[in-house]
Structures are given as C-alpha cells and as structure tokens.
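Student: this one's sequence-less:
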C-alpha cells in the first residue's frame, strides 16, 4: 500500500512537468508527430495492428499444428485442435476487419476530398 502511494504521489508531482513540455503553438512538431495527414496515420496504425494480429494468429496455427503432430495422448491432441480452431476463427475475424477497414477507407476517400 505504501509503495502504491509513493508511485501515485510521484506521478502527481511529475504531471506538471510533462504538461509544460507541450506548447500550444505547433503541437504536432512538439510531440514529434511530423506533418503527415491524420487520416493516413490512423490508416497506417490500423493496418499495422491488423497485420500484427494476423501474424500472431498464423503463429498460433503453426504452434497448434506442432503440438498436434507431437502429441501422444488424445487430451493434448484435442487441446491442439481447439487452439487451431480458435486461431483460424481469429484469422477470419482479422481478415473481415481488414476488409471492413478497406471498404470504409474507399467509401470515405471521395467524401473528404
């Protein structure tokens, strides 16, 4: 409890220091954001996150396949099948999310210009 209190006190004391680092003039360059378009930056972040999640799903499929191939008992084999099934469902959801994002970007690109 004492440690949590010390951390909270330190956070409260450092808050004005971090708040004074941001100026109202040219906030993007102060925070190191650059001059990139906000819409394109958000699109890049979403695509990066979806790509990372897709990579994790593929790794889970491979991991489940290795466990299924090396399992000697049926319990481990069933757990591997559940892992593969969950990873495939996750990959399908990720691909659908990517398709929805792509569709929304295409639909709104003509509206904002």
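Tutor: Nice, thanks for sending it over. Not measured: the values here are computed from a predicted model. Numbering: from 1, shown residues only.
Student: Summarise which helices and strands whichever helix or strand residue 91 is part of is packed against.
Tutor: Here residue 91 sits within helix 74-109, counting by DSSP states H and E. Packing partners of helix 74-109 (3 or more CB pairs under 8 Å, 6 or more residues apart in numbering; DSSP states H and E): helix 38-70. (Glycine included, C-beta is placed from N, CA and C.)
Student: which helices and strands does the helix it packs on pack with?
Tutor: Checked by 3+ CB pairs under 8 Å, 6+ apart, helix 38-70 has helix 74-109 packed alongside it.
Student: Report the angle between the helix it packs on and helix 38-70.
Tutor: Put simply, helix 74-109 runs at 160 degrees to helix 38-70, going by axes from the mean of the first three to the mean of the last three CA atoms, to 10 degrees.
Student: buried set for helix 74-109?
Tutor: By neighbour count on 16 or more other CB atoms under 10 Å, the buried set for helix 74-109 is 80, 83, 84, 87, 90, 91, 94, 98.
Student: tell me the mean pLDDT for the helix holding residue 91?
Tutor: The average pLDDT within helix 74-109 is 89.
Student: Same check on stretch 44-59?
Tutor: Stretch 44-59 comes out at a mean pLDDT of 90.
Student: quick one: buried residues of it?
Tutor: For stretch 44-59, by 16+ other CB under 10 Å, it's 46, 50, 53, 54, 57.
Student: Go through these and name the one nearest residue 103.
Tutor: Residue 103 lies nearest to residue 46 out of these, by CB to CB, at 12.8 Å.
Student: ok, now which ones touch the closest one?
Tutor: Going by CB atoms under 8 Å, 6 or more residues apart in numbering, residue 46 touches residue 101.
Student: Then residue 43?
Tutor: 101, 105.
Student: now do 6 Å
Tutor: Applying CB atoms under 6 Å, 6 or more residues apart in numbering to residue 43 gives no contacts.
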